Structures are given as structure tokens and as C-alpha cells.
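A.B. asks: have a look at this prediction, sequence included:
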Amino acid sequence: MNVNNPEKDGSPEVVNGPPKKVEELREQLKASRALVEKLRRNSEQCVKIINEVKDGIFVETIQGKILDVNKAGCRMLGFSREELLSMHVGTLVPPQIAAELPETIQEETIREGVYIETVNVRKNGSHIPVEVSNTLIEIGGEKRVVAILHDISGRVEAREKLLTAYEDMEKKVRERTEELTEANEKLKREIRERERAEETLREEHRLFMGGPTVIFKWRAEPGWPVEYVSLNVESQFGYQPDDFISGRILYESIIHPDDKARIAQEVKNYSEAGEVSYEQTYRIAHSQGHYCWVNDRTVVTRTPEGKISHYYGYLFDITQRKHDEDELTKHRDHLEELVEKRTSELNAMVDAMARRVVRMSDLEVMVDGLKKQIRDVGLTPICEAETKTEE
């Protein structure tokens, strides 16, 4: 290094002095240059880092004037750096929010670790939701606010979607709850109706079991084996239900011998004709040995293939009715006999009267002839003479 000509090596001008002093100055200068270079590199690195981060970083006065901003802040709001440096933070928020901003940001209003959700206005007028954290620092004896803006559009959108989904879910839950409530009420009504129906059915069953109609369920097999018979078969015909269900007694065996062939043929005819129900009257044996007349209303059940599987018979004891019908027939026959006899007598009387009328007519003719003969001889009949005298 040329001390007398420092411009040649870029060194500052120094005065001539002892070599040792000059050397110390040179070392100090070298160290200063290294420090400046390091600071420059650190500064460039910090600027690069600040400009490369995704969040907007603003340096502001406590009155809200923007002093510096990184590239992310410019991209986020759509302004150039020069435009932002001429603006106030109040112009970057909606009017209703700007009206609430304090004129001076005080130290006590900024707490470390506190994030504020707000809205900024872009250059094109659109809004962007941001999360802001403010830090109050001192630079060169001046208080400055470092504001970091984080774009939370995705979070807000997700939150709105979540809120929408939650509202939809709540709506669906309410609707489903209403549906379930309605279904529950309907189920309660159905249960009550079913309970009433079951009670009615039990009452009808009690009445039916105490009534005169006996139910038989026969398999469509020879002998008409019984699968079911109502309990009132005992009170009506003297048998226990198990007498038939166990197979000890075949139903065919209690049908009167004189009716059995006719009943079998009728069942065959009805079945082949495809009838679903029919009615028959015949006699069955009571357990005490006498026969009872029954009216049998039969319902036919078939398999899906159309084959008869069972017969359901509803038997009603009509023995008394048949007895009454027989008595009525006898009485009617007796009345018809009496009517016929009386008719014959009346006919005979009419014939006699007719003959008498004929005889009276002949007598009148004879009287008229005699009257004529009397007048011919110049005499007056007695009946005519009496008539003239009365006149």
C-alpha cells in the first residue's frame, strides 16, 4: 500500500508517522472494512429473507404512516412499494374498521403474541382477510411499529365452509330430529292403535271363543287331518282340541255316513273349480253320540304354485234351526192338506149352489107359462090381481 498516495489502493489518506503506528491503522482499517462487508452481506441477507417470506411485513410510524414494506406485502395488496410508502394504514382497511383505529398506536395497545383478525382492501377494491401481529420497536430513538400480515383467505374460506357445513349439519339434524320426533309420535300413535287393536282382538277372541262358531284348519290330505281347532269345540261338540290335533280322531270320521259321500264330492267340485270359499250343510257326531247339523263356511288356501294346502272351516251349529225348519215344514204340509180339503169342500158347495140356481131358473120358466095360459083364457093371475089391489 502506498501511504503517500492512498487513492491507488483505496485506503484513506494517512499522515506520515512511525511505521508501527501506520501498521496499526492499517489493521484497524482492514477490520473495519471486513465488518462493513459482513454487515452489508447480513443486510442483504435480511432484506432477501424479508422479501422472500410469504407474509407481508410493514414498518410504520405510531401514527400509521407506512415507512417500509416487503415484496410479499406489495403482492398481497396489489400496490407497488412506492404507492404504499405514500399511504396510511387507515386507507388499507374498510371505512368501518378505519374509523375505529386509534390516531396513535400506543405501546400498551400492543401485546406480544396477540394476533388480530381483520380485513385489508386491495388496490382493485377487493377484500382480503388477514391475521395481523404488531410489534413496537425503537429505531434511532423513534418508536416504530412492525406489522406482520398473514393471508388467512384459505383459513377463512375453510372456516366459512365449515360453518356452512355445520349449519347444514345443524339444519339436517333439526330436520332429522323433526322427522324422528314425527316418526316417534307416529310410532306412539301406532303403538296405541295397535294396543287398542290387540285389546279389541283379545276381546273379540274371548267373545269368539265363548261363541257358537268353531274354527277348524284341515290339511288337504285324505281324512282331513286337523292342524288347529278353536277351544270352543269342547263347549259346542264335546271334543277336546287335542283329540283332533293329535290325530286320534279324523274329522272325516265324525261326518254322518249319509252325508259323507255328498260332502266329499262337493269339496272335490269346489276345489277343481278354483273356488276360494264355499258353504256346506251336513251333520257331524257329537261326543255324546247324537248328531248336530252344522253350517260350514270353508276358505281355501293355496301354495304359490296354486296347489291347495289347507282348508279353514267356520262351523256353526244349526241343529235347532234345522229342527225348527222341520217343524215348520210339517206345519206347512198340514196347512196345505187342510187348505186342499177345504178347497174341495168349497168346490162341492159351489157345484150344489149352481145346480140349485139352475132348478130355480126352470121353475120361473114354468110359472111364466102358466101365467100366459091364464091370461089366454081371460083370467088374471093371482099375483097380478094382488098387485092391482094394493095400488
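C.D. replies: Perfect, thanks for sending it.
A.B. asks: any idea which helix or strand comes after the helix or strand hosting residue 40?
C.D. replies: Element membership of residue 40, judged by DSSP states H and E, is helix 19-52. With elements assigned by DSSP H and E, the helix or strand that comes after helix 19-52 is strand 56-61.
A.B. asks: which residues of the stretch 201-350 of the chain fall in strands?
C.D. replies: Listed in chain order, the strands of the stretch 201-350 of the chain (DSSP state E, counting those that start in this stretch) span 213-219, 226-229, 277-285, 291-302, 308-317.
A.B. asks: distance to residue 194, mean pLDDT and mean neighbour count added to the ones you listed, as TSV?
C.D. replies: C-beta here means a position set from N, CA and C on the backbone, and glycine is covered the same way. Putting these into TSV (distance: least, CB to CB, whole Å; pLDDT from 0 to 100; neighbours: other CB atoms under 10 Å) gives the following:
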stretch	distance to residue 194	mean pLDDT	mean neighbour count
strand 213-219	23	92	19
strand 226-229	24	93	18
strand 277-285	28	94	16
strand 291-302	25	94	17
strand 308-317	24	93	17
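A.B. asks: reformat the ones you listed as a markdown table; add distance to residue 192.
C.D. replies: As requested, the strands of the stretch 201-350 of the chain are arranged in a markdown table below (distance: least, CB to CB, whole Å):
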| stretch | distance to residue 192 |
| --- | --- |
| strand 213-219 | 29 |
| strand 226-229 | 30 |
| strand 277-285 | 34 |
| strand 291-302 | 31 |
| strand 308-317 | 31 |
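A.B. asks: circling back: the helix holding residue 40 vs strand 56-61, what angle?
C.D. replies: In this structure, helix 19-52 runs at an angle of 120 degrees to strand 56-61, with axes from the mean of the first three to the mean of the last three CA atoms, to 10 degrees as the basis.
A.B. asks: what's helix 19-52 packed up against?
C.D. replies: Using 3 or more CB pairs under 8 Å, 6 or more residues apart in numbering; DSSP states H and E as the contact definition, the elements that helix 19-52 packs against are helix 71-77.
A.B. asks: chain center to the helix it packs on: distance?
C.D. replies: Averaged C-alpha coordinates place helix 71-77 at 57 Å from its chain's average position (CA atoms, centre = their mean, to the nearest Å).
A.B. asks: could you list the buried residues of it?
C.D. replies: Of the residues in helix 71-77, 72-74, 76-77 count as buried by neighbour count, 16 or more other CB atoms under 10 Å.
A.B. asks: show residues contacting that helix.
C.D. replies: Helix 71-77 is contacted by residues 51-58, 80-81, 84, 92, 120-123, 128, 130, 149, 151 when judged by CB atoms under 8 Å, 6 or more residues apart in numbering.
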